[in-house]
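> Need a 3D model of the following:
(chains A and B)
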Amino acid sequence: MIDINEVSYTYHVTDAEGNDVYRNVLKDFSLKINKGELVVLTGGSGCGKTTIIRLINGLIPNYFDGELKGEVTVAGMIVNKQPVYETAAKVGTVFQNPKNQFFNVDTTSELAFAAENRGTEPEEIIKRIDKVCDRMDLLDLMDRSMFNLSGGEKQRIACASIAVTDPDVVVLDEPTSNLDDKGINDLREILKRWKRQGKTIVIAEHRLYFLKELADKVYVLDDGKVAKELSGKEFDSLSLEETALLKIRAVDDSFKKKFGDEELSALLKTKGAIDVKDLDFKYSDGVHGIKISDMALPKNSLIAIVGNNGRGKSTFARCLCGLNKKAKGKVDFEGKEISINKMTDRCFMVMQDVNHQLFTESVKDEIMLSIDSKDEETCEKKAKEAMEVLDISSLSELHPMSLSGGQKQRVAIACAIASDKDIIILDEPTSGLDYYHMIEVAEVLKKLVKLGKTVVVITHDTELIDECAQCVVKLKKYLI
Amino acid sequence: MDVSIQTFKTSGERALLDPRTSIFAIVVIGVVMVGGSLTGIEYVLRVISCMIPAALLYAVKKYKVATIYFLIMLFIMIIEGTAVQSTVGALNLLFVILSGVVSRFIPQFMMGYCFMCYTKVSEFVVSMERMHVPSVITIPLSVMFRFFPTIAEENRCVIEAMKMRRTGTKKPSLLQKMEYELVPVMMQTVRISDELSQAAMTKGMGLNRKRSHICKVGFRAIDYLMLILLGTILVLFIIY
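This next block holds a predicted model:
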């Protein structure tokens, strides 16, 4: 069905200084995928898996600038020699970021969009939407604005919009990196259905556990080459040690360590508590919101906050930072009672999309911005210290926007350290990260605790929790 | 026995006005508000024109925005009708400038906002096609259409992030703050538009291809009423 034959690809990109850079990703790469197979491509960042997805859906060479050698055949078409819209009839694509893949603002139009582009009769389109809507249980998502959907719901619409045109091949580029547990489960069900229908599916992904018992073949890539080829059976039985050795995320998603209430109360006893009391917040729709009567978080520890409802977790984080001005409540902190709206002085949040919080022209300026002192020398000293802790001293003169995702996150954490705030909250710091970078984040978090900070991690990444958390707070019972 | 059951029905919800009517409204309101004088029939036409967006905002249930807009325009119109006429010299200049800044530019902007509120991207694309606008122009315009709410959302996130960085001692000036907030919003915008065009391409969007559409676009009674109203305003405005 898909035949990638001795393909080499080099990206032409421009670096921070405006120079042309040639970045070779694939060299004489070959891969054959049979009809009806579900194939997983995994490996560290920059291993070439996204490039392979782009080769299959035709964005290379039609959209990206670079040099391509070799031939890519999908369903009998030579993809690299035809415009993308020809390929689109046979290949559907689901992208990484759910919010940036909708051309329309309302869901129904988006479902119709691909079919409309092909000039299908309107009655036929409506019939097909009806069918897909039935099968994928989308009735409650129809005719909604995409700005009011959760990440998981958006990704369901993205999958459904592909199902409407019913292509033989579906490629997915890190589809789970912005999803919570429920979103991932929904995606797994969709993949199952597609597999039953005999579609050929290619997924580039870091997170692997949800593909257990689904994958027919798994390729672990490294530097544009297949480092290891696994059959579905071999993949299913990979243990935690084996996946760590292969430097890929776990297939087995059970906790190694036990996180019970005893650990939590022991920590509360030895370290003291930050008490959140009578927290009450409602969204303007009057239906969604959170209510917490009493919640004790151990001081100077690494606390993981889990829970199935994505909205509840992030809302809690924003309330604790004092960003939801309408939230009511108070926090008992070091014997003082602080109104929750004043917590901005005590808390620093590293956001999931770290691009939102980098403002200045160099890493050093960025860190200096958050230091609460007018004295130039103190600022310089503190900034230097923070950069040393996070190993980013060498980047101090670079523009934050020219850094990689992981480096940007480190800069944001360095700002948190330099700001001298006691509580550092991280919202899904490992979403979309490979094994190596996940371990790196875990190490940084441990360092923060050593510096005396209280670290609250909003996450559903069991590996990260295993690697560094000292206690786990489940948010489920607090939600209204 | 075959039983067919239809569970999904298109809601049939359509834009309040046909996109073509809305665009015409923006043009007419713009011409009248920018070019109209403050006396005689032109003043009356200006009052009517600037109230059209308020009525439309009420119709799409944006009560808060509608009320604020209505009150501001009412105030400005009263000033233009009374204070501007009866004062002289520096005071007159002050009134003219103050009311002019609002009345000559805000109404057409609000009409554009109305248009964005109730029109779907797909409806916009279809009506542009009906007017035989080439897709080279339609596609970028429709992306822009999609973009305003996105920028608003990004902007909210960035302002929040800025709040967290505020320290007690250092207060960036307004200009500095604007610069700080503008950079991430712009970077995000570039990234989003890049990803958006990739997604649109893999869904078969291409130049000069015949598209079909499931949304219904066409003139209804309310459009004809609106067109007659706007036409009358424009004709009277040109004659006098």
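> Kindly report the domain assignment for chain B.
B:19-118+B:218-239, B:121-202 (automatic domain parsing).
> Quick one: end-to-end length of the first one, please.
The distance separating the two terminal residues of domain B:19-118+B:218-239, taken as C-alpha to C-alpha, to the nearest Å, comes to 27 Å.
> Minimum distance to chain A: which of the domains of chain B has it?
domain B:121-202 (3.7 Å; C-beta to the nearest C-beta). Just so you know, the C-beta spots here come from the backbone N, C-alpha and C atoms, and that holds for glycine as well.
> does chain A sit close to that closest one?
Yes: Domain B:121-202 lies within reach of chain A by C-beta under 8 Å from any C-beta of the partner chain, at B:121-122, B:142-143, B:146, B:149, B:153-154, B:157-158, B:160-170, B:179-181, B:183-184, B:187-188, B:191-192, B:195-202.
> which of the domains of chain B has the lowest average pLDDT?
When these are compared on mean pLDDT, domain B:121-202 scores lowest, with a mean of 84.
> starting at the chain centroid, how far to it?
15 Å (C-alpha atoms, centre = their mean, to the nearest Å).
> all helices for chain B, in order.
B:19-35, B:40-59, B:63-81, B:83-86, B:89-103, B:106-118, B:121-130, B:135-165, B:174-202, B:221-239 (DSSP state H).
> Taking helix B:40-59 as reference, get the angle to the last one.
By that I understand helix B:221-239. 160 degrees (axes from the mean of the first three to the mean of the last three C-alpha atoms, to 10 degrees).
> Who are the packing partners of helix B:221-239?
helix B:19-35, helix B:40-59 (3 or more C-beta pairs under 8 Å, 6 or more residues apart in numbering or on different chains; DSSP states H and E).
> on that earlier part again, now the residues of domain B:121-202 next to chain A: which count as buried?
B:121-122, B:142-143, B:146, B:154, B:157-158, B:160-162, B:164-167, B:180-181, B:183-184, B:187-188, B:192, B:195-202 (16 or more other C-beta atoms under 10 Å in any protein chain shown).
> out of the domains of chain B, which comes closest to residue A:170?
Closest to residue A:170 of the domains of chain B, according to C-beta to C-beta: domain B:121-202, at 10.9 Å.
> tell me the domain boundaries of chain A?
According to automatic domain parsing, the ranges for chain A are A:2-245, A:261-478.
> quick one: furthest residue from the center of chain A?
Distance from the centre of chain A peaks at residue A:375, with 38.7 Å (C-alpha atoms, centre = their mean).
> Now do that residue against chain B, distance only.
9 Å (C-beta to the nearest C-beta, to the nearest Å).
> tell me the contacts of that residue?
With contacts defined as C-beta atoms under 8 Å, 6 or more residues apart in numbering or on different chains, residue A:375 has no neighbours.
> before we move on, the earlier item: tabulate the domains of chain B (TSV), appending distance to residue A:279.
Listed next are the domains of chain B as TSV, based on distance: least, C-beta to C-beta, whole Å:
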stretch	distance to residue A:279
domain B:19-118+B:218-239	28
domain B:121-202	18
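> For residue A:86, find the nearest of the ones you listed.
It's domain B:121-202; of those, that one is closest to residue A:86 (C-beta to C-beta) at 11.3 Å.
> okay, how far is it across that closest one, tip to tip?
18 Å.
> Wait, residue A:371 touches residue A:382, no?
Yes: Residue A:371 is within contact range of residue A:382, at 5.2 Å (criterion: C-beta atoms under 8 Å).
> what touches both of these two?
With C-beta under 8 Å, 6+ apart as the test, residue A:371 and residue A:382 both reach A:418, A:420.
> which stretches of the stretch 201-350 of chain A form helices?
A:232-236, A:240-245, A:261-271, A:310-320 (DSSP state H, counting those that start in this stretch).
> tell me the contacts of residue 214?
Because you didn't say which chain, this covers chain A. A:38, A:188, A:191-192, A:195, A:232.
> oops, I was thinking of chain B
The contact partners of residue B:214, taken as C-beta under 8 Å, 6+ apart, are A:108-109, A:112, A:116, A:122, A:125-126, A:129, B:10, B:122.
> Roughly how far does it sit from residue A:124?
10 Å (C-beta to C-beta, to the nearest Å).
> about what we covered before: can you lay out the helices and strands packed on helix B:221-239 as a markdown table showing distance to residue A:20 and mean neighbour count?
Shown next, in a markdown table, are the helices and strands packed on helix B:221-239 (distance: least, C-beta to C-beta, whole Å; neighbours: other C-beta atoms under 10 Å in any protein chain shown):
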| stretch | distance to residue A:20 | mean neighbour count |
| --- | --- | --- |
| helix B:19-35 | 43 | 19 |
| helix B:40-59 | 49 | 19 |
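> Quick one: residues contacting the nearest residue to residue A:359 once chain neighbours are set aside.
Counting by C-beta to C-beta, 6 or more residues apart in numbering or on different chains, residue A:359 lies nearest to residue B:180, which is 3.8 Å off, once chain neighbours are set aside. Residues in contact with residue B:180 (C-beta under 8 Å, 6+ apart) are A:359-360, B:162, B:172.
> What is the nearest of those residues to residue A:148?
For the contacts of residue B:180, the nearest to residue A:148 is residue B:162 (24.7 Å; C-beta to C-beta).
> got the contact list for the nearest residue to the closest one once chain neighbours are set aside?
Leaving aside its sequence neighbours, residue B:162 sits nearest to residue B:181 (C-beta to C-beta, 6+ apart; 5.9 Å). Residue B:181 sits next to A:359, B:155, B:158-159, B:162 when contact means C-beta under 8 Å, 6+ apart.
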